[in-house]
Structure formats: C-alpha cells, structure tokens
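Undergrad: I'd like to go over a predicted model; first the sequence, then the structure.
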Amino acid sequence: MKIFNILLLGLVLFAAGCTEPVVESVTEVEAIEIVADGETLTSLILDVGKKVMLEARVTPADADEQTFSWATSDTEIVTVDAATGMVTAVAQGTAVITVAVGDGGKTASCEVTVTKPEVNYVFVREGTDGGDISWGLTADGILVISGSGAIKDYTVQEDEIRPGVWVGRTDAPWFELDVTDVVIQNGITGVGYFAFACMPSLKKVTIKDGLSEIKDGAFARCPELTGISIPDGVTKIGNSAFYMCASLKSIVIPDSVTELGTYVCHGCTSLESATISANLTEIKNNAFYGCESLASITIPDGVTSLGKEAFYGCKALTGIDIPDSVTVLGDFAFTYCTSLESLTLGNGIQTIKDSVFEGCSSIAGDIVFPESVTSIGACSFALCSSITGVTIGNSATFIGFSAFFGCTSMESVTIGSAMSEIDFFAFAVCDALESVTIKAAIPPTLNQSADYSDISFRIENDTLHVPAGSKAAYEASPNWMNAFASIVEQ
C-alpha cells in the first residue's frame with residue numbers, strides 16, 4: 001500500500017509538471033482622442049472665465065491602460081487640471097490642451113481659443129464728435145468710444161495750464177462726466193491730443209485691436225489711472241501720453257511701437273514695472289523721469305541713444321545694462337538713481353554726457369569704460385561714493401569738469417593713452433585716491449587755476465604712474481607736478 005501511494009504521488013507531480021503556464025492577455029491602446037459631451041474635439045472656443053470638462057477616449061475601449069494626464073501650452077491663456085481634464089479659460093488668446101495615456105506613447109490635442117464676449121452697454125449719456133466717432137457713458141462710469149477712424153484732437157484750456165504740469169479742464173465732451181473706465185472699441189485707429197487728459201476719476205483704460213497711434217498728452221495728468229492695455233498694432237505713442245499719472249503701476253509698450261515720445265511716463269511715481277518695445281531705437285528725453293518706484297528696466301538691443309533725464313530720479317532702480325547698440329548717454333540720464341548698484345556699460349558707447357550717473361551713490365566696485373568711449377562729460381559720475389576704481393580706455397580724449405568729484409571710495413584710476421584734456425575738479429574730493437596711472441606719453445592738458453584752488457586731483461598721497469621715458473615731460477608741466485606727491489615711470 002505504501003508503494004502504491006508513492007507511485008500515485010509521482011503520477012500527480014508528473015502531470016502537474018506537464019501543464020503549460022497561463023499567460024494573461026494585454027489589450028494595447030491603439031489611439032486616443034479628446035471628447036466632450038460624447039463629441040470628438042480638435043478645437044474649442046471658450047469665453048473668458050468659462051470652464052469645460054474634457055475627457056479622453058481610447059481605442060479599443062477595453063484597452064488595459066486607462067490612466068491619463070493633461071497639460072496646457074500656455075497657463076496664462078488656459079489652465080487644465082492635470083488629473084481630471086477640467087479646462088478654465090483665463091485670458092484672450094489661443095493655447096493647446098494635450099492629453100497623454102500611460103507613459104505618453106499615445107497623445108491627442110485640442111486647440112482652445114479664448115474670446116472676450118462683447119458687452120452690451122446701457123448708456124445714460126451719449127454723444128458724437130460730429131463725425132464718425134460716438135461715445136456713451138454707463139451708469140457705473142464706463143465711457144465707451146466706438147465708430148471708425150481716430151478720436152479727434154482736444155486742447156487743455158490756456159487758463160488752466162501751470163508751468164510744467166496740466167491741471168483742470170480740457171474741451172473734450174466727456175470731460176465733465178464722472179468717468180472711471182474708458183473702453184476704446186475696435187474700429188478706432190487713434191487717440192487724439194489730450195483726449196482723456198486731466199480726468200480725475202479715471203482708473204482703467206482698455207483699448208481694443210485696430211489702434212495705431214496715441215497722440216501727445218492723450219492720458220496725461222490722470223491721477224487715479226492704475227492700468228492701461230496697449231494692443232499690438234500701435235506704432236507711435238506721443239509726448240507726455242501718460243505724464244504725471246501718479247497711480248499707474250505697470251505699462252507694457254508692445255513691440256509694434258517704433259516711436260515713444262518725450263515725457264511719456266514722466267512723474268509716474270507708482271510705476272513699478274515697464275516693458276519697452278524691442279523695436280525702439282531711442283528712449284527720448286524725460287521718458288521715465290521721476291518714476292521713483294521703478295525697480296528694473298530692460299533697454300532693448302537696437303536702442304542707440306538714451307535722452308536727457310530719461311531715467312532721472314528712478315530711486316528704486318537697482319541695476320542697468322546698457323546694450324552695445326547704445327552710442328550716446330544723454331545728460332542726467334540716470335542722475336540720482338540712488339539704489340543703482342549694478343552697472344554694465346555697452347561696448348558701443350561713445351559719448352557719456354554731463355551728470356549721467358551723478359549722485360548714484362550705490363554703484364559699487366570698479367568701473368571699466370569700454371574702448372569705444374571718447375569723452376566723459378562734466379559731473380558724469382560725481383558723488384558716486386561707492387565706486388572703488390576707474391579704468392578709462394585708450395579712445396577717450398576728454399574728462400569733463402568734476403566728472404568724478406566726490407567719489408570718496410575711489411582708490412585708483414587708470415587713464416588711456418589718447419587722453420588730451422582733463423578739466424577742473426575732475427577727481428577732486430576723492431579722499432581715498434592713492435594711485436593714478438596714465439598711459440599718455442604726452443601729458444594731457446590738466447586744467448587748474450594758478451593757485452590750485454580748483455585742483456583736479458587730491459595731492460597728499462597721490463602717486464602718478466606714467467609711461468617709461470615720459471617722467472620728465474610730466475615734471476615739466478607745473479599742473480601735473482603740483483597735483484601729485486610723486487611721479488614714477490611704469
């Protein structure tokens with residue numbers, strides 16, 4: 001019996017060993033599509049603020065992989081929940097929603113266009129400009145401008161003008177109305193002189209597509225204006241367009257703009273952010289004068305000159321890079337930008353005019369002037385008390401009156417071989433200055449009075465280093481001889 005049981009067990013084990021293993025079948029995904037309400041979608045139009053739930057559908061329907069992930073190409077236009085496919089329209093524009101199944105081997109996409117629905121305004125006051133432009137005011141203070149062509153030019157009343165500022169009234173038909181918002185509709189091609197200037201309650205301006213020009217003073221002296229949208233297509237913004245809009249916090253000058261006027265944002269003391277068109281060639285006089293909250297600005301490649309007082313008094317500005325395209329820095333361009341710490345001078349600069357960086361007391365370290373610089377204007381770096389050294393290239397021929405006056409941390413100066421004239425007080429009151437190196441074999445003219453009361457260099461500890469073989473020439477020049485404690489050849 002025992003032997004029989006052993007044989008039986010062997011037969012069972014033999015039979016089990018001959019049984020083939022069971023292999024489970026896998027159904028692969030062949031295709032995926034995006035659907036909503038059962039309909040396949042490749043494109044979708046939504047109004048701003050609207051939501052829609054998208055779903056993914058695979059072929060075959062019984063495919064084993066049913067895990068999906070969603071993504072958007074632009075979160076500023078459309079957002080999507082990565083797990084659920086819930087889409088939210090954020091702002092006008094176009095974005096692409098993509099869904100992937102499993103490890104992303106199969107995907108589907110849907111282009112979403114977000115639009116702003118037209119608002120049906122109900123007006124309590126209406127009028128025209130006598131031509132093709134009409135206007136209407138809603139009960140809650142929205143002024144809507146519609147029609148075709150440009151808004152006409154208006155004037156500031158002569159008896160209401162004060163020196164340097166605009167106060168009081170204009171002759172625009174909506175001036176007396178309580179306007180908080182301005183909406184300029186499609187079809188309007190331009191905003192005329194002073195069209196919306198001096199409006200005390202105006203807070204927001206929305207401009208639809210089609211505008212090409214904003215003329216001088218169009219929104220000047222609107223003290224409550226906090227925001228304005230300037231559409232692509234505008235090519236010119238006139239002088240003082242946003243002058244003294246003291247509550248304006250940000251502005252984007254689109255790349256379509258090729259001309260930006262003088263005083264355009266002068267006195268916009270709350271302006272924190274400004275984006276400048278990449279297609280400008282000039283930032284004109286006083287463009288951002290007194291924008292004391294402006295912490296950063298990018299000067300586009302292609303700009304060739306910065307005008308007089310362009311960024312004067314931008315006290316919050318911490319750094320500035322001058323691109324190589326710039327050849328001229330205008331008078332007072334960055335005067336009293338007292339928080340400016342970082343400065344990069346582009347390799348194309350030729351002329352640094354008067355007082356460009358005067359009073360920029362936070363610029364620190366050594367300033368190395370590019371070889372392209374030929375002249376350094378009067379007071380151009382005066383009172384820059386944190387500069388520790390200056391190197392002036394071999395193309396510079398002139399250093400102006402008091403150019404580095406009061407640079408109290410400056411320890412050394414190197415001046416290139418082409419220098420021909422150094423004006424009065426150029427390095428006066430540079431209390432830490434101990435070493436000056438000049439590469440010019442012929443002593444430049446050093447302008448000083450006979451009694452040396454207007455001395456260009458500090459005498460007590462300064463050592464002048466000159467090229468080999470030129471010591472005698474410098475010693476023969478009374479102004480150079482009396483300006484330094486010692487003269488030595490390199």
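TA: Yep, that arrived. Just so it is clear, the structure is predicted and the values come from calculations on it, not from any experiment.
Undergrad: and the residue lying closest to Ala316 once chain neighbours are set aside, how many neighbours does it have?
TA: Spatial nearest neighbour of Ala316, excluding adjacent residues (Cβ to Cβ, 6 or more residues apart in numbering): Ala295 at 4.5 Å. C-beta here means a position set from N, CA and C on the backbone, and glycine is covered the same way. Residues contacting Ala295 under the criterion other Cβ atoms under 10 Å number 15.
Undergrad: contact partners for Ala295?
TA: 272, 316-318 (Cβ atoms under 8 Å, 6 or more residues apart in numbering).
Undergrad: show me which of those are buried.
TA: For those, a neighbour count by 16 or more other Cβ atoms under 10 Å gives the buried set as 316-317.
Undergrad: now render the contacts of Ala295 as a markdown table, adding pLDDT and distance to Asp178.
TA: What follows is the contacts of Ala295, written out as a markdown table (pLDDT from 0 to 100; distance: Cβ to Cβ, whole Å):
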| residue | pLDDT | distance to Asp178 |
| --- | --- | --- |
| Glu272 | 95 | 28 |
| Ala316 | 97 | 33 |
| Leu317 | 97 | 36 |
| Thr318 | 96 | 40 |
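Undergrad: buried residues in stretch 350-368?
TA: For stretch 350-368, by 16+ other Cβ under 10 Å, it's 351-364, 367.
Undergrad: from the chain's centre, how far out does stretch 174-181 sit?
TA: 31 Å (Cα atoms, centre = their mean, to the nearest Å).
Undergrad: for stretch 220-234, buried residues please.
TA: 220-222, 225, 228, 230-231, 234.
Undergrad: restricted to strands, list these.
TA: Those of the buried residues of stretch 220-234 mapping onto strands are Ile228, per DSSP state E.
Undergrad: can you list the buried residues of stretch 220-234 in TSV and add pLDDT and distance to Ile399?
TA: Output for those, formatted as TSV (pLDDT from 0 to 100; distance: Cβ to Cβ, whole Å):
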residue	pLDDT	distance to Ile399
Ala220	94	39
Arg221	92	41
Cys222	95	44
Leu225	97	44
Ile228	94	43
Ile230	95	42
Pro231	94	47
Val234	97	42
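Undergrad: closest one of the buried residues of stretch 220-234 to Val252?
TA: Nearest to Val252 among the buried residues of stretch 220-234: Ile230, at 6.5 Å, using Cβ to Cβ.
Undergrad: from Phe401, how far off is that closest one?
TA: 41 Å (Cβ to Cβ, to the nearest Å).
Undergrad: and if you look at Gly149?
TA: 53 Å.
Undergrad: can you count the residues close to the closest residue to Lys106 other than its chain neighbours?
TA: Using Cβ to Cβ, 6+ apart and skipping the chain neighbours, the partner closest in space to Lys106 is Ile32 (4.7 Å). Around Ile32 there are 20 other residues, counting by other Cβ under 10 Å.
Undergrad: which residues touch Ile32?
TA: Counted by Cβ under 8 Å, 6+ apart, Ile32 has contacts 56-59, 99-101, 106-108.
Undergrad: dump these to CSV, plus pLDDT.
TA: What follows is the contacts of Ile32, written out as CSV (pLDDT from 0 to 100):
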residue, pLDDT
Ala56, 94
Arg57, 93
Val58, 93
Thr59, 93
Val99, 95
Ala100, 94
Val101, 93
Lys106, 91
Thr107, 93
Ala108, 94
